[in-house]
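> quick check, what structure comes out for this input:
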Amino acid sequence: MALILQEPCKTCQGCGFVLSLAWKEWYAANPMATNFTTAPTEPEELRCVSCEGSRKVLTEDGKAVATLINSITTTQNHYRDSAAMRREEAASRRQWSLQDEMDNLRRTIEQERRDREDLEKKLKTRR
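I've put the predicted structure just below:
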């Protein structure tokens, strides 16, 4: 069984363009048109709104397949986005961990400097 996903557009009969409403009205008022000086100034043919000029539209099966594909890609994008978010969070945690480690080292160095200064003071007072 073959699925037919697209069919010719019924609005434009598969040509991609439709006659402008202004031109339809003008032709209706001028069935034997020879004098085009009163013709509308807009283009005679406009791109079909139904098929957007592609000349084909999705069938019901085609719409179902498109919906399925959209849901799959949305899910994949969600997982991809979630994985990227988890990587960013892990990188952020590593950055915070490194920052904490640097802060601890600074405190340790500062404490050792104060301890050394205290020891030097005690040595000076003993002499």
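
> only C-alpha atoms for contact and neighbour calcs from this point on.
OK.

> quick one: Val57 is in a helix?
No: under DSSP: H, G, I helix; E, B strand; the rest coil, Val57 falls outside any helix and is assigned strand.

> report how many residues lie close to it.
For Val57, the count of nearby residues is 20 (other Cα atoms under 10 Å).

> these two touch, right, it and Val49?
No: using Cα atoms under 8 Å, Val57 is not in contact with Val49, being 10.8 Å away.

> ok, Arg107 to Thr11 distance?
77 Å (Cα to Cα, to the nearest Å).

> so for the two, which sits in the more crowded spot?
Thr11 (17 against 12).

> for the more buried one, what are its contacts?
Going by Cα atoms under 8 Å, 6 or more residues apart in numbering, Thr11 touches Val18, Cys48, Ser50.

> who's in contact with the second one?
Counting by Cα under 8 Å, 6+ apart, Cys48 makes contact with Thr11, Cys12, Gly16, Phe17, Val18.

> cool, and the first one?
Val18 makes contacts with Thr11, Cys12, Glu45, Leu46, Arg47, Cys48, as judged by Cα under 8 Å, 6+ apart.

> can you confirm Met32 is in a strand?
No: applying three-state DSSP, one finds Met32 to be coil, outside a strand.

> tell me the pLDDT of it.
Confidence at Met32, expressed as pLDDT, is 82.

> please parse the protein into its domains.
7-57, 58-127 (automatic domain parsing).

> out of those, indicate the one that is most buried.
Greatest average neighbour count among these goes to domain 7-57 (a mean of 14), per mean count of other Cα atoms under 10 Å.

> measure that one end to end?
6 Å.

> how far away from the center of its chain is that domain?
How far domain 7-57 lies from its chain's middle: 34 Å, per Cα atoms, centre = their mean, to the nearest Å.

> again, but for stretch 108-122
58 Å.

> for this structure, which segments count as strands?
Applying DSSP state E to the chain gives strands spanning 6-8, 17-19, 45-47, 56-58.
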